[in-house]
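Trainee: I would like to see how this sequence folds:
(one chain, ligands or ions: 1)
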Amino acid sequence: MAAGITKTGDEWRLSDVIQGVAIDSRLVKPGYIFVAIPGAISDGHAFVEDAINRGAVAIVGEHPLNLPVPYFQVESSRRAAAELSAAYYHYPSRDLVTIGVTGTNGKTSVVYWLTALVRAGGISAGMISSVVNDTGNRVRNSILTTPESPELQRQLWEMRQNGATHAVVEVSSHGIAQRRVDEIGWDLAVLTNITREHLDFHGTMENYVATKAKLFQRLPADSLGAVLNADNRYSDVVREGLVCPVVTYGLEAGDVRTEILEATAWGSRVRIDAGQGRPIEAQLNHPGQYNVYNLTAAVTAALALGVSPEVIQRVIPELPGVPGRMQVLQQPGQPTVIVDYAHTPDGLTQSLITVRKMVEGRVWLVFGARGGRDRGKRPEMGRVAATLADCVVLTADSPNDEEPDAIAEAIREGIDTVDPAKLIKIELDRARAIHWVVKEAQATDCVLITGRGPEPYQYFHGRRVVLKDSDVALDALGERVRKGADGVGIH
Ligand SMILES: CC(=O)N[C@H]1[C@@H](OP(=O)(O)OP(=O)(O)OC[C@H]2O[C@@H](n3ccc(=O)[nH]c3=O)[C@H](O)[C@@H]2O)O[C@H](CO)[C@@H](O)[C@@H]1O[C@H](C)C(=O)N[C@@H](C)C(=O)N[C@H](CCC(=O)O)C(=O)O
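Mentor: Have a look, this model is predicted:
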């Protein structure tokens with residue numbers, strides 16, 4: 001035993017001397033273990049001294065080091081961080097039924113809706129999502145979609161302390177690749193869909209799909225199993241070699257099949273047939289076919305968790321909206337403004353198709369693309385915009401370390417291949433762009449603002465600027481309705 005740590009196989013034992021685990025030296029407090037991770041920008045090993053100065057009592061890393069405190073050299077620091085974090089919090093996932101939800105689009109909605117369904121079924125569940133983390137009696141805004149392993153294990157521990165029996169966790173491909181979720185013994189995993197995304201990080205679609213598939217490969221034969229989207233072509237790849245039970249869902253195929261009985265611009269009446277007894281029939285008050293898929297995924301998972309069809313049917317009409325996902329800002333006699341998170345070619349396609357059905361007039365699209373992310377998707381998003389929107393205004397998303405005009409130029413290339421006339425304006429100041437479009441649009445038009453959803457900040461070379469799309473849009477609508485307006489409602 002050194003510094004209160006022993007390791008047997010993959011299992012670490014930590015004595016009470018250890019006060020926490022950190023992978024960022026700036027978060028180290030006296031009594032912590034610091035795990036040095038070789039990163040893409042900097043190398044955590046360079047911050048070992050900083051960690052020791054802040055009170056780290058042991059260091060874990062991948063390089064040979066000679067240190068004044070106990071040092072554990074491991075093959076993978078990320079794996080060790082997950083193991084140590086789980087050990088520090090006494091392996092909380094072992095006492096929880098853990099449900100991982102992954103996929104390119106729709107993860108957050110499925111996490112929100114599945115949590116609502118299981119809670120309605122009398123199950124005490126915590127939720128980790130890209131918007132908020134809710135551990136039962138405490139809700140915090142999220143920083144990452146899937147937190148780093150020390151934070152993730154802490155949240156699971158807190159859920160258990162709060163009496164939760166289940167945890168619904170949004171799992172990003174970064175979370176899987178960076179081994180943040182390594183020490184969770186999953187009981188159920190759900191795939192929404194896979195389309196192009198994050199190729200800057202994963203390199204190829206093959207790698208991206210293979211990373212997502214890892215979540216499902218970890219499900220043992222006696223787990224509740226995998227819930228896969230039968231209508232998404234990558235589900236077959238994910239399914240290969242699985243030893244766990246598999247349930248599929250879809251609109252065209254699947255063990256659980258949903259039929260849209262009636263679709264309006266604002267929602268769909270659906271019949272969900274799980275092949276057992278009477279089908280569930282209910283009104284989903286969220287627009288678009290993609291939300292019917294999200295619902296079917298959540299319902300299939302809820303059924304696997306034992307929630308009754310009667311409860312599911314009762315709750316569907318009340319399912320909550322996710323902040324910044326198709327958030328409609330409306331005022332009589334003014335253009336409809338919708339804030340959405342769509343940030344992939346497929347997500348943008350779904351949003352535009354849905355919005356098109358909601359309004360009689362033109363669809364204005366205001367968007368950009370995040371810096372430091374998959375560059376290849378930018379012209380593709382330009383093509384989608386020019387194909388499905390009437391008027392496009394390009395602006396900055398969160399450029400990070402890239403130049404916003406260069407990002408806009410890459411999107412413009414895609415627009416030009418379809419119809420250059422659709423590009424009405426490039427205004428890189430996002431607030432100004434939103435104000436301008438809201439002023440120009442007619443009452444029957446829709447202004448769709450995509451890419452950032454509920455995110456509160458833009459980042460410019462490390463500088464943080466406060467900007468929430470819905471706040472700016474409300475301001476802009478307020479300007480239009482100032483004369484005699486009695487407020488703009490959020491739906
Ligand atoms: C692009 C990417 O994957 N970045 C992740 C990566 O960063 P990196 O390789 O650049 O790490 P680095 O900054 O070089 O630092 C290396 C190590 O030194 C540490 N450090 C750094 C500075 C210091 O003073 N002290 C210190 O100890 C860092 O904490 C880190 O452990 O490794 C870090 C440690 O694991 C992650 O925190 C970081 O996520 C950043 C914050 C991030 O923005 N990630 C995004 C892309 C992400 O994960 N997104 C997904 C969802 C995506 C989606 O669905 O759209 C998510 O789950 O949120």
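
Trainee: How about the secondary structure of the residue of the stretch 201-350 of the chain found nearest the ligand?
Mentor: Proximity of the stretch 201-350 of the chain to the ligand (CB to the nearest ligand atom) peaks at F201, 6.2 Å away. The way it works is simple: take the backbone N, C-alpha and C, and place the C-beta from them, glycine included. Secondary structure assignment for F201 (DSSP: H, G, I helix; E, B strand; the rest coil): helix.

Trainee: Quick check: it touching S173?
Mentor: Yes. Contact criterion CB atoms under 8 Å: F201 and S173 qualify, at 7.4 Å.

Trainee: ok, the residue of the stretch 201-350 of the chain closest to the ligand - contacts?
Mentor: Residues near F201 by CB atoms under 8 Å, 6 or more residues apart in numbering: S173, H174, A177, D374.

Trainee: What count of nearby residues applies to the third one?
Mentor: It refers to A177. The burial count assigned to A177 is 18, neighbours taken as other CB atoms under 10 Å.

Trainee: isn't it right up against T211?
Mentor: Yes. Contact criterion CB under 8 Å: A177 and T211 qualify, at 5.1 Å.

Trainee: Common neighbours of the two, please.
Mentor: H202.

Trainee: Any residues of this structure in contact with the ligand? List them.
Mentor: Residues of the chain lying close to the ligand by CB under 6 Å from any ligand atom are 23-26, 37, 39-42, 44, 47, 144-146, 148, 172, 174-175, 178.

Trainee: filter the residues you listed to the buried ones?
Mentor: Neighbour-count burial (16 or more other CB atoms under 10 Å) applied to these gives I23, S25, I37, G44, F47, L144, T145, T146, E148, S172, G175, Q178.

Trainee: Just put these in a markdown table and tack on pLDDT, secondary structure and distance to Y89.
Mentor: Listed next are those as a markdown table, based on pLDDT from 0 to 100; DSSP: H, G, I helix; E, B strand; the rest coil; distance: CB to CB, whole Å:
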| residue | pLDDT | secondary structure | distance to Y89 |
| --- | --- | --- | --- |
| I23 | 98 | coil | 15 |
| S25 | 98 | helix | 21 |
| I37 | 97 | coil | 19 |
| G44 | 96 | helix | 21 |
| F47 | 97 | helix | 23 |
| L144 | 95 | coil | 18 |
| T145 | 95 | coil | 20 |
| T146 | 98 | coil | 16 |
| E148 | 98 | coil | 13 |
| S172 | 97 | coil | 21 |
| G175 | 97 | helix | 17 |
| Q178 | 96 | coil | 19 |
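
Trainee: Can you get me a residue count around N285?
Mentor: If we define neighbours as other CB under 10 Å, then N285 has 17 of them.

Trainee: any idea of the pLDDT on it?
Mentor: pLDDT for N285: 95.

Trainee: again, but for R480
Mentor: We have a pLDDT of 87 for R480.

Trainee: Contacts only, for I23.
Mentor: Each residue near I23 by CB under 8 Å, 6+ apart is listed here: F34, V35, A36, I37, G44, S77, A81, E148, S149, P150.

Trainee: Out of the residues you listed, name the ones that lie in helices.
Mentor: When DSSP state H is applied, the contacts of I23 are split such that S77, A81, S149, P150 fall in helices.

Trainee: do you know how far V69 is from A56?
Mentor: V69 is 7 Å from A56, where distance means CB to CB, to the nearest Å.

Trainee: hang on, the earlier thing: farthest pair in the contacts of F201?
Mentor: Of all pairs drawn from these, the greatest distance, 14.2 Å, lies between A177 and D374 (CB to CB).

Trainee: For the host helix or strand of L228, C-alpha coordinates in PDB please.
Mentor: Per DSSP states H and E: L228 is located in strand 225-229. What follows is strand 225-229, C-alpha atoms only, in PDB (Å, rounded to 0.1, in the frame of the first residue of the first chain):
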ATOM      1  CA  GLY A 225     -29.900  -5.800 -23.700                       C
ATOM      2  CA  ALA A 226     -29.600  -3.400 -26.700                       C
ATOM      3  CA  VAL A 227     -32.300  -1.300 -28.200                       C
ATOM      4  CA  LEU A 228     -31.400  -0.600 -31.900                       C
ATOM      5  CA  ASN A 229     -33.000   1.500 -34.600                       C
END
